[in-house]
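Colleague: Return a 3D structure for these sequence lines:
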Amino acid sequence: MTLIATANEVNGLGEFASDYHKVDRTIHVSWDSPKLAKIIRLRLLTEPGFPAYDVSYCHGELKDGTPCRVELPFSQIPRSKRISLNAFIIKEAKADGVYAKGLGIFDAISILF
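Modeller: Next up is the predicted model:
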């Protein structure tokens with residue numbers, strides 16, 4: 001008997017998933033690095049009833065166009081009625097002097113649940 005897991009996804013890569021993950025992202029930068037031009041994907045994982053989103057990875061692009069991994073100051077984002085996902089990111093960004101919207105992080109969010 002074969003079990004097939006199904007999942008719901010918001011803002012997935014679709015047919016481009018295999019090509020996307022072939023890109024070399026060995027360069028790591030913090031989200032407050034002046035070299036970082038934009039965040040292109042913030043992958044979050046969760047499941048029903050779990051009280052947080054786990055950060056799977058965050059990818060970006062440097063100002064010279066080089067793909068990179070982006071290090072964030074958090075590994076989880078609470079799922080709460082008190083603070084939204086975006087409000088949490090804004091709070092963390094302000095603490096680090098980062099303009100989150102300017103980096104494009106909100107357009108880059110992908111959630112697998």
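
Colleague: what residue lies at the spatial centre of the chain?
Modeller: Leu42 (1.2 Å; C-alpha atoms, centre = their mean).

Colleague: what are the bridge partners for it, then?
Modeller: Cys58, Ile109 (DSSP bridges).

Colleague: That one contacts Asp54, correct?
Modeller: No: counting by C-beta atoms under 8 Å, Leu42 does not reach Asp54; the two are 11.6 Å apart. All C-beta atoms are positioned from the backbone trio N, CA, C, and that covers glycine.

Colleague: where exactly do the strands run in this protein?
Modeller: 9-10, 28-30, 36-45, 52-62, 67-71, 76-78, 109-112 (DSSP state E).

Colleague: Serialize the ones you listed to CSV and add fields for mean pLDDT and distance to His21.
Modeller: Formatted as CSV, the strands of the chain follow (pLDDT from 0 to 100; distance: least, C-beta to C-beta, whole Å):
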stretch, mean pLDDT, distance to His21
strand 9-10, 81, 15
strand 28-30, 98, 17
strand 36-45, 97, 10
strand 52-62, 98, 10
strand 67-71, 98, 11
strand 76-78, 98, 22
strand 109-112, 94, 13
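
Colleague: which one of the ones you listed is the most hemmed in?
Modeller: Of the strands of the chain, the one with the most neighbours on average (mean count of other C-beta atoms under 10 Å) is strand 36-45, at a mean of 20.

Colleague: Quick one: list the elements packing against it.
Modeller: strand 52-62, strand 67-71, helix 100-103, strand 109-112 (3 or more C-beta pairs under 8 Å, 6 or more residues apart in numbering; DSSP states H and E).

Colleague: Just want the angle from the longest one to strand 36-45.
Modeller: Orientation note: strand 52-62 sits at an angle of 150 degrees relative to strand 36-45 (axes from the mean of the first three to the mean of the last three C-alpha atoms, to 10 degrees).

Colleague: Please save the CA atoms from strand 52-62 in PDB.
Modeller: What follows is strand 52-62 as a C-alpha-only set of coordinates in PDB (Å, rounded to 0.1, in the frame of the first residue of the first chain):
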ATOM      1  CA  ALA A  52       4.100  28.900  14.400                       C
ATOM      2  CA  TYR A  53       5.600  29.000  10.900                       C
ATOM      3  CA  ASP A  54       9.000  27.500  10.700                       C
ATOM      4  CA  VAL A  55      11.500  29.300   8.400                       C
ATOM      5  CA  SER A  56      12.700  26.600   6.000                       C
ATOM      6  CA  TYR A  57      15.000  29.000   4.000                       C
ATOM      7  CA  CYS A  58      15.300  32.500   2.800                       C
ATOM      8  CA  HIS A  59      16.900  33.300  -0.600                       C
ATOM      9  CA  GLY A  60      17.900  36.600  -2.000                       C
ATOM     10  CA  GLU A  61      19.900  38.400  -4.600                       C
ATOM     11  CA  LEU A  62      22.900  40.600  -4.100                       C
END
